[in-house]
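A predicted structure for the sequence below; I have some questions about it.
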Amino acid sequence: AQTVTQSQPEMSVQEAETVTLSCTYDTSESDYYLFWYKQPPSRQMILVIRQEAYKQQNATENRFSVNFQKAAKSFSLKISDSQLGDAAMYFCAYFNNNDMRFGAGTRLTVKP
Amino acid sequence: GAVVSQHPSRVICKSGTSVKIECRSLDFQATTMFWYRQFPKQSLMLMATSNEGSKATYEQGVEKDKFLINHASLTLSTLTVASAHPEDSSFYICSARDVQKRSNQPQHFGDGTRLSIL
């Protein structure tokens, strides 16, 4: 079974600084998708960024970018110029063939 | 964009009550919907996969007789927590897969239901 590991239960960053959240996963598949979701206190699941495994280029969305290392099965999220509104739980997710699995999550605190 | 509506958003009821949660895809057809459970400060755990017109597929350890899933149409799946007890209190989230895959997301999430059993 596919597993997703987020080894940082909590992270903290100063406003305007950069923070990187780690994620590793285990799979025997070659074609899959990886996601980072943000879950604020409202508990909504908000898609932050997505990466297709067949693409070598790292995905970017404004202040959010990933470092996708397929051989190492690593998928970290970098948040640049952190804002107070970035504070939330962040979940890394693996998706393949109708099956989505989530990591345990990282709680990000942004200090003003 | 695609929207999934989950209702109700909050339920508080007495032990022994059966609770029904609805998950609707508003502007797309969803042959497959998913039900997740999330305990405080924990991740989303998949409970079951709901397939339109057929029986749901439950994850290991999830009681089929306790968590009844019905997916009678391409836009609606329901989760009924039968005879709920305090240990069933949790946050339940549904998601739906767009058959046409028009979005960059494989699943669209509802806003969740907070269930509290007294």
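Okay, I see it. Numbers count the residues shown, from 1 in each chain, chains lettered A, B, ... in the order given.

Contact partners for residue A:63?
Residue A:63 sits next to A:79, A:80, A:81, A:82, A:83 when contact means C-beta atoms under 8 Å, 6 or more residues apart in numbering or on different chains. C-betas here are computed from N, CA, C, even on glycine.

thinking the fourth one is in contact with residue A:21, fair?
No. Because the distance of 11.4 Å does not satisfy C-beta atoms under 8 Å, residue A:82 is recorded as not touching residue A:21.

Could you check which of these two has the larger neighbour count?
Per other C-beta atoms under 10 Å in any protein chain shown, whichever of residue A:82 and residue A:21 has more neighbours is residue A:21, with 24 against 21.

Shouldn't residue A:85 be within a helix?
Yes. Assessed with DSSP: H, G, I helix; E, B strand; the rest coil, residue A:85 lies in a helix.

Quick check: beta-bridge partners of the residue lying closest to residue A:52 once chain neighbours are set aside?
Nearest residue to residue A:52 in three dimensions, chain neighbours excluded: residue A:33, at 5.7 Å (C-beta to C-beta, 6 or more residues apart in numbering or on different chains). Here residue A:33 sits in beta bridges with residue A:52, residue A:95, going by DSSP bridges.

quick one: pLDDT of residue A:33?
On the pLDDT scale, residue A:33 is placed at 93.

ok, it - contacts?
Shown in contact with residue A:33 (C-beta under 8 Å, 6+ apart): A:50, A:51, A:52, A:53, A:94, A:95, A:96, B:106.

I'd like to know how many residues surround the residue nearest to residue B:3 when sequence neighbours are not counted.
Nearest-residue entry for residue B:3: residue B:26, 4.4 Å, with adjacent residues in sequence omitted and distances by C-beta to C-beta, 6+ apart. Neighbour count of residue B:26, defined by other C-beta under 10 Å: 11.
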